[in-house]
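Novice: build me a model:
(one chain, ligands or ions: 1)
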Amino acid sequence: MNFAKITQAAHYTPQQVVTNDDLAKIMDTNDEWIASRTGIKSRHITYDENTSDLSAKVVESLLEKSGKSAEEIDFLIIATISPDSLMPTTATITQAKTGLINAFAFDMQAACSGFVYALAMGEKLISSGRYQNGIIIGAETHSKTLNWADRTTAVLFGDGAGGVLLESSQTQHFLAEKLQSDGVKASSLTSRKYYPNSPYSKIYEAESNLVMDGRLVFDFAVREVPKNILATLKIANLEADDIDYYLPHQANLRIIDKWPRKIKAQPAKFLVNLQHYGNTSAASIPILLSENIDKQILKFGSNQKVLMTGFGGGLTWGSILVKL
Ligand code: 4VN
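Specialist: Now for the predicted structure:
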């Protein structure tokens, strides 16, 4: 039997930190409003890097930590909703920057669930027995796509990247997954930056960046995501208390705050870092994972059970349960 195992994690965020007070200087908002409604205090915003630059930093760090050479990597999947371009993909641009000459590289888009979806796909590639080493990254430079005149969305997001090295293993580390989507609610969270206005089309008339029906998406996340977590636990035949740590997508603290009671888990088991990063979409879970590995709260080889849950545009949501 072939199994997959996460053997390293790494993250990179741009140097520039923009606080809520900084934002209050350029738009009609304030720290109290942002912090009380979202938990966010600051975010990293890039000045001159693109999504592939952030991703390349993560690849380089994963190679350095693992001692693997670039030639050994069989595939690179990047989950992003803020790609350098639609074509070529951010993954192939990153491949060139890091010398992954034997890899096939492609982007995967499932919005804020992108990392969980990509990790699930990477695990299948490894456990097929055809590939031994893969890199899965979530990376965003939201700052280039946000409408900075829209205070209801611009304050929520940040830039950053995180990723993991997946290797083949003799022992099982991926215990359960449940991926879901509901395209009927697609219009509640959209970003159309990359569609130009066509004189022949009425469809993309407006210059609309990220548009969000905040209430609908908020309610969806509070209601549906805990059900998904419980369903994932059931697949593994585990109770909420058997999980050592929950790593939720860092969309909004007021959402994550409601889950422990709903699934009957201790609140301290839900890791958060959105105070410092804002919502980094596909990057939020791997940044959280990597940061907690660095802090030695999470440890590879510890058998800790960790449940990662993404949710967002699509709508998409899903959980993946791993043993470290
Ligand atoms: C998933 C979610 C969100 C999200 C939704 C709503 C929301 C984030 C609405 C109420 C508002 C404060 C902000 Cl659940 C975003 C994504 C996109 O990554 C994914 N914040 N809020 C208020 O007035 O309290």
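Novice: so which strand or helix has the residue of the stretch 1-150 of the chain found nearest the ligand?
Specialist: Nearest residue of the stretch 1-150 of the chain to the ligand, counting by C-beta to the nearest ligand atom: Arg37, 3.6 Å away. Just so you know, the C-beta spots here come from the backbone N, C-alpha and C atoms, and that holds for glycine as well. For Arg37, the host element (DSSP states H and E) is helix 31-38.
Novice: would you map the helices across the stretch 1-150 of the chain?
Specialist: Using DSSP state H, counting those that start in this stretch, the helices assigned to the stretch 1-150 of the chain run over residues 20-26, 31-38, 51-66, 90-98, 114-127.
Novice: what's the answer for the stretch 201-324 of the chain, then?
Specialist: Counting by DSSP H, counting those that start in this stretch, the stretch 201-324 of the chain has helices at residues 214-235, 253-256, 259-263, 274-277, 284-294.
Novice: highest mean neighbour count out of these?
Specialist: Most buried of the helices of the stretch 201-324 of the chain by mean neighbour count (mean count of other C-beta atoms under 10 Å) is helix 284-294; its value is a mean of 24.
Novice: contacting residues around that helix?
Specialist: With C-beta atoms under 8 Å, 6 or more residues apart in numbering as the test, helix 284-294 has contacts from 9-11, 13, 58, 112, 115-116, 136-138, 160-164, 245, 247-251, 271-274, 277, 280, 298-300, 306, 308-310.
Novice: which among those end up buried?
Specialist: 9-11, 13, 58, 112, 115-116, 136-138, 160-164, 245, 247-251, 271-272, 274, 277, 280, 298, 306, 308-310 (16 or more other C-beta atoms under 10 Å).
Novice: which bits of the stretch 201-324 of the chain sit near the ligand?
Specialist: Within the stretch 201-324 of the chain, the positions adjacent to the ligand are 214, 217-218, 221, 251-252, 255, 279, 281, 311-312 by C-beta under 6 Å from any ligand atom.
Novice: per-residue confidence at the one residue in the stretch 101-250 of the chain that gets nearest to the ligand?
Specialist: Here the residue of the stretch 101-250 of the chain nearest the ligand is Gly214; by C-beta to the nearest ligand atom that distance is 3.0 Å. For Gly214, the pLDDT comes out at 92.
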